Structure formats: C-alpha cells, structure tokens
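Colleague: Generate coordinates for the sequence data below:
(chains A and B)
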Amino acid sequence: MDFNKFPEEIIMAVHDFQVKLKRGQFFSSYEVTMQTLDLLVQITSQCEWKNASDLNQIIKHFGKKLIDTKPWDPIISNAIKRVLYIIREDYNISTIEETDAGIKQLRSSQAAISDIGNLLLKRHTSKRLDINRAGIFRLLGDKEKDDFSQSYTDLQERIIESINLVIQEVESIYEFVAEQALTHIHTNEVIMTIGHSRCVEALLKEAAENRKFQVIVAESMPSYAGRKFAGVLAGAGIETTLIHDSAIHTMMARVNKVIVGTHAVLANGGLMAMAGTHILAQAAKYHSVPVIVCTGLYKLSPIYPSQDSFAELNSPSDVLNFEEVAGDLAHVRVINPAWDYIPPDLLSLYITNSGSYMPAYIYRLLAEYYHPDDDDI
Amino acid sequence: MADFSWVIEHFDQIVMDSQDNLEVFGVIDTLTEVLKRSKAETMMGLMMDIKDATNLLIEEHNTNSVHSGSQLFRQYATRAWLDLEQNFQLLKSELIRTGEQFRINALASKQKIAHISSRFLRDGMKILTYGSSVEVIAIIEAALEQGKRLSVYVTETESSSPVYKFLMERNIPVTLMPISAAAYVMKDVDLVLVGAEVVVENGGIINTIGTYQIAIIAKAIGIPFYVASQSFKFTRIYPLNQKEIPDNIFEEHTPIPELKAIIDENPENAKMLYPTLDFTPPNYITLLFTEIGVLTPSAVSDELLKQYRAFNELAIN
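Modeller: Reported below is the predicted structural model:
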C-alpha cells in the first residue's frame, strides 16, 4: 500500500487535525470524537481502496498518526477502534448476505451439492469468525486473522452509513441522558458534583424543570471548573452551593447522591476522570453515598488501568504562578496531575445515552463497540 | 459399538508428546481421530461414536480437562451441524479440519495471552507467583523480551519448581519464601500472577491449594490478583464452597519427625487434612488473562454461555 498516493486534501486535513490536537485547541472529548469521526468519513469516501483489508490499513495508518499526538488519551483511539469494528461488522454482513443470495440462486438452479457446499462453508466460517460468535470456539478452526480481501460494491456505502449513525449517536447523548433525569433525581435531594461536565449539566437542568433540589459543587482546584459550573446551575434556577475541595468530606454527611462526569470509562468499569474525583468517590463511600457517573458511551475505552498510566501532567503554573517562584519556592517541585483513576467498586451506577448500567456490566458493552484484534494500532 | 481399543493409548501418546503435556490436546486429537476412522453415515451415528470414545477416556482419566475438552468438541460439532444445514459430508470434513487446527491455535493462544498481558507488567515491578503455570511463564518471558526488568517472589513448594527453574535460567532476581510469608511480603509486591487448573462459571478458579489464601491476603492489602488461563479451561461447574470442588485429591502425607513421634504414640486420634486443590471465588480476582482477551470475572460466564447456546438449541447429548 503506497501511503503517498492519498489525495492531498486528506493528508492536509489529517495534518491540520494533528496540529490542533497538539496545541490543545480542543477542550472536550465530545469535540475530539466528532472531529475524528468526520475525518474518518472523509478518508473512507475519498481514499481509494479495493476491499475491507485495504481500508483497514488506511484507517490504521492515519489513526496511528492521530493517536501519537496524545498517546495517553483514550478518546481518539476509541473513535478509531470503533470505525475499525464497523468495518469488520459490515464486511461480515456483506459476506453473509452475498453467500445467502448465492446459495438461494444455486438452489433454484439445482446446482451440484459441492458448489452449494462451498458457499455454506464460507458462510459458516464467516459466522464463526463473526464478532458475536467468537470466543472459545476460535480455538477450533482457521487461524483468526480474518481475510478481509473480498470486494463488495456496497461496502463503502454501508460503512459510511454506519459511521454516520455513530456520529448521530454521539450528537444526541445529552438528550438521552437528560431523559433519565427524573428517575434518579428527586425532590429535596442534595447532590454533590465536581468540575464541569456537560452531561451532568444536561441531567440537572432537565430535572430542575420539574423538581426542586440542591446542588453542592466542589470548586475543582486548580482549574476552578466548578466555579463556572456553579454559575451555570444557578443561572438555570437551581439552588447551588460552592465549596472548596477540602470541604468535600465535611459536607458529604448531608449529601444524598454524588453525580460526576468523566473523561473516559475503562474496560473494567473504572474511570479516568479529572483529578479530585477519587477523593469525592472515597468520601462518598465512607458515608455510604451512591456515586453516579453520567457519560456518553463513546467514552468507553477497551483499556485497563495499569496497562497505560495516566501520567498526564498539566502546567504547574496553574498551582504556583511563575511570578511567585522566588526565593525558597524556587526549590519546590510542583506537580499538577490531570487525571485520577477511580476503581469500579467505588461506583454505583452509570447513566449513559443507551441506558443505566452497573459498573460490573460495562465490559459487556465493549463487545458491541470494539474488537480485541484492534487493540494494537 | 465400533472398535475403540486404540483410544486410550492414542490419548496418552499425544499428551506425552505435546508441549506442556496438556490433556486437552489429547482429547481433541483423539476425538478427531475417532471422526476420521468413524464409519457412521449420519450425524447421530457420529455423535454416538464421539460419546462412546469420550466415556472411555473419562473412565480412564476423570479430569476436568478431559470433560471440558470433549464438551467443547461436541458443542462445536452441534453448532457446525446447524450452520452447514445438516449436510453430513461437509460437517465431517469441517470437523476434521478444525480438530487438526486446534493444536496450532492452542499453542498460538499461549503466545497471545503473553502478548496481551505482558502490558500489565511494567519495568521494575515485583511479582508474586504461586504454583507453576505455563501461561505465567510465557507472560514473564514476553515481558523480558520487551526489555522489562522484573523481580519475582516464588513460594517454596513442589509445584513451583518449573517456574523457579525458568527464572533462575534467565538470571531474573528471584526470592524464595515459604507460603506462610505471603502476608509478610504482600505489601512489597506490585501484583500477584497465578495460573489456573480450571476456571469455573462464576469467574472463580480452582488451583493448587494455597491460591485462595494468597488471594485473600492480596485483597486485604490492596494488591491486584491476576489469573492467566487459556480459554479451554473454562468449565460449566459452579462450586459454592471448598467442599464442592469436584475430584479434589487428598494426599497421604507423612508429617515431620517431631510430630510423627507424637502421632505414633496415639495413631487412632491423628486426623490429617491435605487437600491438593482449593477454590478462589471471583470477588478476589481482579482480572483474567485469556486469549479471548482480558476479562473481568463477570465476563467468564458470558463466554461460556456463548459456547453453550447452540448446544441447548439442539440438545443432542
């Protein structure tokens, strides 16, 4: 595969995206995901490819470039792995449909059993390698490097349609999350949160239209995202209280529920969330307060903690201003970690665009979005 | 009944020849051979032959591996029968082909486990391992090839000699300790990695006696407890406590001289309990490394049920 023969447009688009990512021009995972998916649709429709295997290679080639700009961030690789899964699924569907049509035709023309047999075998193999049937049976049978070399004329259209469905799904997450607001938020409840999550915002605003409740927001040093969020909630007519992060444990005794957003959801049901969330979760556990995570499923990542570390550090000047570093302070090391890992046993529930789930159930959803063979890009 | 006199010998030969001496290779290979020699003309006939051969094997070697290996083969046959629209010739040739492919896939699956799980071993980590598992050895080997420096704690038991030998040969810093020191060292260790004889339906494992103990200590101190196992060890049994471990062997053990002297004075009073296997419930296990992927214990029953769905559809047995 000659990677230099791609349309100039595509190479430029990928390069532009890389630059924006490096410069930190995207603040939310939502934006990053939408842009990545749009780019992948562009690549699928404008690059030349004969079969699924070629497309797979192309996506991996560009995907790797994007992931390398921010290797610790699972969001970009989620979008790419999602599209790779779509390619596999659609290829399988095409194969099964074509063999079904072929078998029907051979039957009606009363062809020899051996001809029909070949198609039957092909369909059986394809079904066996099919995502939902994989597993222990993979040990019996052809080595699972699927041969995606068959060309189908409708494959490109099918794949683009599938990716567009994913884009629509991501666009509508706030809507679907908000639908579940009244099931979980009740009158006179005291809810605690941290940072500024758009999902949590949508949930709380929807509940506020029908019920009266209180929200306590932790100001989320050093980004102070909580301060902004408190303003947004008060603006929506919700009774809001702002506290500093050290008061989380103090106030927890009066809290009914903790609702937080997250940056990514890990394969074991744990979270990669903003620094400070773990403290909130531990305090909640101590007081037996349930912790609810509000998120879109595009954040679900097929990685486990301790596989990749979350050692992304934000700028230390958020904690200690550059101007203040004089005298003895000049010898002090300042660390500003960006993320916390929260283990699944501290969490009670996930509210997502496709429904509510227990943390122990999250692994099942992985199989609907990702394929283990795509783990290494 | 057809002639199955060659079955046991064939099985023993395959197990001896196979790398890792795995019984499951013996089972699949033997059953594939049964298919090849079978004179049956129908699906029922074929399944009868397989069933008879399996019964012979179980009589001679009543182990979990033989049970689960033969179940796997029968279920795959059923699934293939449905997919191939009950065409006998196609089924027979497909089953023979997949049976022969099994050994290659099983060996490759060990490498796959090593590749997937070596990511969990980071440079400079201290590992506690228990018993001897070929999967664990493969994982450590893969991590070493990636240039990671590891140090390992090994318990002084008979079962750990293969892994101890492997580590010494590779000049890996290895510390020998008695199993009674497991709680003592646990805080210094980064993770615990063990194999499994059998993975049961709820995601728990049956393994060498002492595994459960170490799992409890790991949980109490907050150290991750990982199990490495190939997927053909998954079995549909559901032990609820230690007494429900099927075919647990209780050893005849000679006590140390100091105690033996006391026992000899009063032999009728002396009761001894030396089980060889224990059951570790799933809530003590952090993750399972299999070639299907990294699984949480809850995911194990899903994988098993996928295997069994077609079997129940046809209910051939």
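Colleague: Going by neighbour count, list what's buried in the helix or strand harbouring B:Leu176.
Modeller: If you go by DSSP states H and E, B:Leu176 is part of strand B:174-177. Going by neighbour count (16 or more other CB atoms under 10 Å in any protein chain shown), the buried part of strand B:174-177 is B:Val174. Placement of C-beta: from N, CA and C, glycine included.
Colleague: who touches it?
Modeller: Outside strand B:174-177, the residues that touch it by CB atoms under 8 Å, 6 or more residues apart in numbering or on different chains are B:Ser151, B:Val152, B:Tyr153, B:Val154, B:Thr155, B:Glu156, B:Tyr164, B:Leu167, B:Met168, B:Tyr184, B:Val185.
Colleague: which strands and helices sit next to the very next helix or strand once past that strand?
Modeller: Tracing the chain past strand B:174-177, the next element assigned as helix or strand by DSSP H and E is helix B:182-186. Contact analysis of helix B:182-186 by 3 or more CB pairs under 8 Å, 6 or more residues apart in numbering or on different chains; DSSP states H and E lists strand B:126-130, strand B:174-177, helix B:211-221 as its packing neighbours.
Colleague: what's in contact with helix B:182-186?
Modeller: B:Leu128, B:Tyr153, B:Thr155, B:Thr175, B:Met177, B:Gln213, B:Ile214, B:Ile217, B:Ala218, B:Ile221, B:Ile223.
Colleague: Direction included, what does the next helix or strand after that helix pair against?
Modeller: Counting by DSSP H and E, the next helix or strand C-terminal to helix B:182-186 is strand B:191-194. Here strand B:191-194 is paired, per DSSP bridges, with strand B:126-130 (parallel), strand B:225-228 (parallel).
Colleague: Dump those strands into TSV; add mean pLDDT and mean neighbour count as well.
Modeller: Converted to TSV, the strands paired with strand B:191-194 look like this (pLDDT from 0 to 100; neighbours: other CB atoms under 10 Å in any protein chain shown):
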stretch	mean pLDDT	mean neighbour count
strand B:126-130	95	23
strand B:225-228	96	25
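Colleague: what's the closest of the ones you listed to A:Ser172?
Modeller: strand B:225-228 (38.3 Å; CB to CB).
Colleague: can I have the closest one written out in CSV, keeping just the CAs?
Modeller: This file holds the C-alpha atoms of strand B:225-228, laid out as CSV (Å, rounded to 0.1, in the frame of the first residue of the first chain):
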residue,chain,number,x,y,z
PHE,B,225,-4.6,-10.6,41.8
TYR,B,226,-4.4,-11.7,38.2
VAL,B,227,-5.1,-15.2,36.7
ALA,B,228,-3.6,-16.3,33.4
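Colleague: Show me the shaky parts of the chain.
Modeller: Using chain A. A:1-4, A:110-114, A:126-146, A:306-309 (pLDDT under 70).
Colleague: not quite, I wanted chain B
Modeller: Short version for chain B, where the test is pLDDT under 70: B:1-2, B:19-21, B:307-317.
Colleague: mind listing the strands in chain A by residue range?
Modeller: A:190-194, A:214-218, A:239-243, A:257-260, A:264-265, A:271-274, A:291-295, A:339-342, A:349-352, A:355-357 (DSSP state E).
Colleague: got those strands as CSV, with distance to chain B columns?
Modeller: Listed next are those as CSV, based on distance: least, CB to the nearest CB, whole Å:
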stretch, distance to chain B
strand A:190-194, 24
strand A:214-218, 25
strand A:239-243, 29
strand A:257-260, 22
strand A:264-265, 13
strand A:271-274, 15
strand A:291-295, 17
strand A:339-342, 12
strand A:349-352, 15
strand A:355-357, 12
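Colleague: who wins for proximity to B:Phe279 among those?
Modeller: Of the strands of chain A, nearest to B:Phe279 by CB to CB is strand A:355-357, at 28.9 Å.
Colleague: what helices or strands is that closest one leaning on?
Modeller: strand A:349-352.
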